[in-house]
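Peer 1: Predicted model and sequence follow; I will ask about them next.
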Amino acid sequence: MEEAICPLCGSTNNTATAIEEKTYYFCGRCDLAFLAAQFYPSPERERERYLLHNNSLEDRGYVGMFEAFLERAVLPFVGKGVEALDFGCGPAPVLQVLLEKKGIPTDVYDPYFAPELPPAGKKYGLITCTEVLEHVHQPRTVWEFFCQRLQPGGILAAMTAFRPPREEFARWWYRQDFTHVCFYSRETFRWLSRHYPLHLLFLDNKNTVVLERA
């Protein structure tokens, strides 16, 4: 197998494994697991897949998931007067609506469905990123963006399923979505907090992390 470079930390210290005719790597530095780039889906296939998501304000389960996310990962850490950016909002910006109901004005960005980035100098007191990090082909670029766009003391609240140990990875349901290409462990977020100006405030055992911009 060819040498791979971790798309998050740039390390070549990666262990390869073949699963269902695809190659995955486990980074020995930041603990990210990632799909070999030749297996990444095309933008067309990605967009088609995202359009199949039936996520709306009428879906009580979907809204309930976001309400729970706000209660544990946003509202305990964010004060009044904060402006937010929902990064990767998808075709129906449900989280934007829920945040604004809480009195938090919210911009949205999504490469397919809201592709216009906010003005270059605009910074935020809150960035949310829910069920997005696993889709990102260039994670280092995204983490640099977060650091650039968060105000000092600003909060990044993210949700992505944390990957299990390597021996369970092949059977893990989250891996089986073909648009999922990067898989974070809890240690990956600890690595991020050591190598970016981000202080780890909250990290559960399942899928939620909160970081504060230094």
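Peer 2: Sure, I can see it. Residues are numbered from 1 along each chain as shown.
Peer 1: Please make it C-alpha for all contacts and neighbour counts, starting now.
Peer 2: Noted.
Peer 1: How many residues are close by Glu134?
Peer 2: Counted with other Cα atoms under 10 Å, residues neighbouring Glu134 total 23.
Peer 1: Please apply the same query to the one 10 residues further on.
Peer 2: Each residue near Glu144 was counted by other Cα under 10 Å, and the total is 12.
Peer 1: and it, that one's in a strand?
Peer 2: No: assigned with DSSP: H, G, I helix; E, B strand; the rest coil, Glu144 falls outside any strand and is helix.
Peer 1: what sits against the residue nearest the centre of the chain?
Peer 2: By Cα atoms, centre = their mean, the chain has its centre lying nearest to Leu133, at 2.5 Å. Counting by Cα atoms under 8 Å, 6 or more residues apart in numbering, Leu133 makes contact with 139, 159-160, 182-183.
Peer 1: now, which of those residues lie within helices?
Peer 2: Pro139 (DSSP state H).
Peer 1: Redo the contacts of Leu133 as CSV? Include pLDDT.
Peer 2: Shown next, in CSV, are these (pLDDT from 0 to 100):
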residue, pLDDT
Pro139, 98
Met159, 98
Thr160, 98
Cys182, 98
Phe183, 98
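Peer 1: Grab the two from the contacts of Leu133 that are most spread out in space.
Peer 2: Maximum pairwise distance among those (Cα to Cα): 14.6 Å, between Pro139 and Met159.
Peer 1: Pick out whichever of those two has more residues nearby.
Peer 2: Met159 (20 against 17).
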